[in-house]
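Enquirer: sequence and predicted model, in that order:
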Amino acid sequence: MDYEVAIGLETHVQLKTNTKMWCGCPNEFGADPNTNVCPVCLGMPGVLPVANKEAMEKTTLTGLLLNGEVRQSAKFDRKNYFYPDLPKNYQITQYDAPSVQGGHVDFEFNGEIVRVRIVRVHLEEDVGKSFHFERHSGIDFNRAGAPLLEIVSEPDLTSAEMAYTYLNALKDILVYGGVSDCDMEKGMVRCDVNVSVRPKGQEELGAKVEIKNMNTFSGARKALAYEIDRQQDRLMRGERIEQQTRRWDDVGEITELMRTKEEAHDYRYFPEPDLMPFEPPESRIRSISERVVELPLAKKQRLMAEYSLPASDAAAFVNDPVMAGYFESIAHQSKKPKAVANFVINNLRAKLTETETTLEEVKFSSSAIPELVELIDSDKISTKIAQEVFNEMFDTGESPNQIVDKKGLAQVTDTSAVEQYCDQAIEANPKSAQDYRDGKEAALNFLKGQVMKLSQGKANPKLVGETLDRKLRG
């Protein structure tokens, strides 16, 4: 029997704010344990939470980036549960009235544009971090109370690889939008995975198994691949899949049972009595909408359409927004933006890395790369000479034309001069000449190389090839 897989993800993302969600403690990574704490985030008696304005605004911004509905009224709730790493032993979160309802994420997968629907985006607080030692455990409360978004998807994902691609696409959107740095090493993105398997064609979803607290996207992919195989194997043996929560053992590369799945009412939600509902006015939402940026997929598609770039070049610019901005600022100066992109991606970026230089410190003018492309296009210099010219203009700031004239790098396009070089190459390499006459096409490339050596790289390669072919076939 064939089976279908349905995967939904609950992605938790730390928001990029200076302070925590309910207090003024720094929201930062790497401080000494239990130093960024106060009576509010330590859950002391009598304290009151005050909502972080920037966190509320970035939640609204996330809703707009994900094409969701920003609710006119959202409220906070208390989620009662045993939290060993949250001092007040309940979490302030959103339950039945989240900040954002609906939405979707579009991304490329297997050569197609795939859409995954979003159920909701709600704002809550993060918990502290537990550390387990040989004979005892410790808790660092620095992270407790940090603003945390939970982005819940519909079960639209159908494979471990698709889930991995979705997570990366979602991360790119949030980083592009300035919502979060999404630094995996700092624990800024985690996810819970919900997966079920059912016979192909069956409308009803299979029993849902949740895998908790995945800290890496690759880990989520591995856990899903294992769990899908485990469930399919049990179903093929006629066994029943139970709804449960499991954990991923990254060392053993298996999922293990943690507990049977609690239903939502087990958390005993009730409205947070110390916080008023959040009701952003339309004017505020319009103001936040001005912070919405072009998303990665849309940017890639536009770069390909507007500048005739291949997917690989467009993707390189999507992954480097600063370099993309530089490219777009100069591309209009050239009739061949693809050639401009090549110099920006392959030459300029490499030089910046090699010399530890920023774009602001580049010496040559914004017209230099388009000017260099024009020199190649007009056959004044070869692509090989262009590499030399680029290095020179990067070091000195001189224009390409100045460098070519100063160093005498212009291509030899005089027919009689090229013929002399070709005659010398043929005379010095009679075997290669005869090989080409006998039909060995590769021999012509060797002879062209000899001509380029004789001309110190200045002969026009196209003219050299045509001249050699005419002389050898004549």
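Expert: Okay, I see it.
Enquirer: now for the helix or strand harbouring residue 448, which elements pack on it?
Expert: Counting by DSSP states H and E, the element that carries residue 448 is helix 442-454. Judged by 3 or more C-beta pairs under 8 Å, 6 or more residues apart in numbering; DSSP states H and E, the packing partners of helix 442-454 are helix 415-428, helix 430-437, helix 461-473. Using the backbone N, CA and C atoms, a C-beta is placed for each residue, glycine as well.
Enquirer: out of the ones you listed, which comes closest to residue 137?
Expert: helix 461-473 (69.7 Å; C-beta to C-beta).
Enquirer: quick one: average confidence on that closest one?
Expert: The average pLDDT within helix 461-473 is 89.
Enquirer: list of residues touching that helix?
Expert: The list of residues contacting helix 461-473 from outside it, by C-beta atoms under 8 Å, 6 or more residues apart in numbering, reads 379, 382, 413, 415, 418-419, 421-423, 425-426, 433, 436-437, 444, 447-448, 451-452.
Enquirer: need the contact list for the residue nearest to the spatial centre of the chain.
Expert: The centroid of the chain falls nearest to residue 172 when counting by C-alpha atoms, centre = their mean (4.0 Å). Applying C-beta under 8 Å, 6+ apart, we find residue 172 in contact with 296, 318.
Enquirer: show me where the stretch 151-300 of the chain has its helices.
Expert: Ranges of helices in the stretch 151-300 of the chain, per DSSP state H, counting those that start in this stretch, are 160-176, 217-236, 282-289, 296-307.
Enquirer: roughly how far out does the shortest one sit from the chain middle?
Expert: Taking C-alpha atoms, centre = their mean, to the nearest Å, the mean C-alpha location of helix 282-289 is offset from the chain mean by 27 Å.
Enquirer: using CSV, write out every CA atom in that helix.
Expert: Coordinates of each C-alpha in helix 282-289 appear next as CSV, following Å, rounded to 0.1, in the frame of the first residue of the first chain:
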residue,chain,number,x,y,z
GLU,A,282,-5.3,51.2,11.4
SER,A,283,-2.9,54.2,11.3
ARG,A,284,-0.3,52.1,13.3
ILE,A,285,-0.7,49.1,11.0
ARG,A,286,-0.2,51.3,7.9
SER,A,287,2.9,52.8,9.5
ILE,A,288,4.3,49.3,10.1
SER,A,289,3.4,48.2,6.6
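Enquirer: what's that helix packed up against?
Expert: Against helix 282-289 (3+ C-beta pairs under 8 Å, 6+ apart) you get helix 53-65.
Enquirer: other SSEs contacting the helix it packs on?
Expert: strand 69-70, strand 100-101, strand 112-125, strand 147-153, helix 160-176, helix 282-289.
Enquirer: sheet-wise, list the partners of whichever helix or strand comes after the third one with their directions.
Expert: The reference is to strand 112-125. Downstream of strand 112-125, the first helix or strand assigned by DSSP H and E is strand 129-132. Using DSSP bridges, the strands paired with strand 129-132 in its sheet are strand 137-140 (antiparallel).
Enquirer: quick one: contacts for residue 41?
Expert: By C-beta under 8 Å, 6+ apart, the neighbours of residue 41 are 20, 22, 23, 25, 87, 141, 144, 145.
Enquirer: who wins for neighbours among those residues?
Expert: Among the contacts of residue 41, the one with the most neighbours (other C-beta atoms under 10 Å) is residue 145, at 31 neighbours.
Enquirer: pLDDT check: weakest of the contacts of residue 41?
Expert: residue 87 (88).
Enquirer: distance of that residue relative to residue 144?
Expert: 7 Å (C-beta to C-beta, to the nearest Å).
Enquirer: name the residues contacting each of those two.
Expert: Joint contacts of residue 87 and residue 144 (C-beta under 8 Å, 6+ apart) are 41, 42, 128.
Enquirer: follow-up on the earlier one: per-residue pLDDT of the residue nearest to the centre of the chain, please?
Expert: 96.
Enquirer: all helices of the stretch 301-450 of the chain, in order?
Expert: 311-318, 321-331, 337-342, 349-355, 368-377, 383-396, 400-407, 415-428, 430-437, 442-454.
Enquirer: could I get those as TSV with distance to residue 107?
Expert: TSV is the format used below for those (distance: least, C-beta to C-beta, whole Å):
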stretch	distance to residue 107
helix 311-318	12
helix 321-331	18
helix 337-342	23
helix 349-355	25
helix 368-377	31
helix 383-396	35
helix 400-407	40
helix 415-428	52
helix 430-437	51
helix 442-454	43
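Enquirer: need those helices in JSON lines with distance to residue 183 and mean neighbour count, can you?
Expert: JSON lines is the format used below for those (distance: least, C-beta to C-beta, whole Å; neighbours: other C-beta atoms under 10 Å):
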{"stretch": "helix 311-318", "distance to residue 183": "19", "mean neighbour count": "18"}
{"stretch": "helix 321-331", "distance to residue 183": "17", "mean neighbour count": "16"}
{"stretch": "helix 337-342", "distance to residue 183": "29", "mean neighbour count": "20"}
{"stretch": "helix 349-355", "distance to residue 183": "21", "mean neighbour count": "12"}
{"stretch": "helix 368-377", "distance to residue 183": "33", "mean neighbour count": "21"}
{"stretch": "helix 383-396", "distance to residue 183": "32", "mean neighbour count": "17"}
{"stretch": "helix 400-407", "distance to residue 183": "40", "mean neighbour count": "17"}
{"stretch": "helix 415-428", "distance to residue 183": "57", "mean neighbour count": "16"}
{"stretch": "helix 430-437", "distance to residue 183": "57", "mean neighbour count": "15"}
{"stretch": "helix 442-454", "distance to residue 183": "49", "mean neighbour count": "17"}
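Enquirer: in space, what's closest to residue 77 - neighbours in sequence excluded?
Expert: Leaving aside its sequence neighbours, residue 77 sits nearest to residue 95 (C-beta to C-beta, 6 or more residues apart in numbering; 4.2 Å).
Enquirer: now do the contacts for the one you found.
Expert: 77, 79, 122, 264, 269.
Enquirer: likewise for residue 65?
Expert: 173, 174, 176, 177, 179, 292, 293, 295.
Enquirer: show me how the protein divides into domains.
Expert: 3-289, 296-378, 415-473 (automatic domain parsing).
Enquirer: looking at these, spot the one closest to residue 403.
Expert: domain 296-378 (9.3 Å).
Enquirer: any idea how far the closest one is from the chain center?
Expert: For domain 296-378, the distance to the chain centre is 19 Å (C-alpha atoms, centre = their mean).
Enquirer: quick one: mean pLDDT for it?
Expert: 96.
Enquirer: same question, stretch 116-126
Expert: On average, stretch 116-126 scores 98.
Enquirer: could we number from 56 for the rest of this?
Expert: Got it, first residue is 56 now, which makes that one stretch 171-181.
Enquirer: that one: which residues count as buried?
Expert: 171, 173, 174, 175, 176, 177, 178, 179, 180, 181 (16 or more other C-beta atoms under 10 Å).
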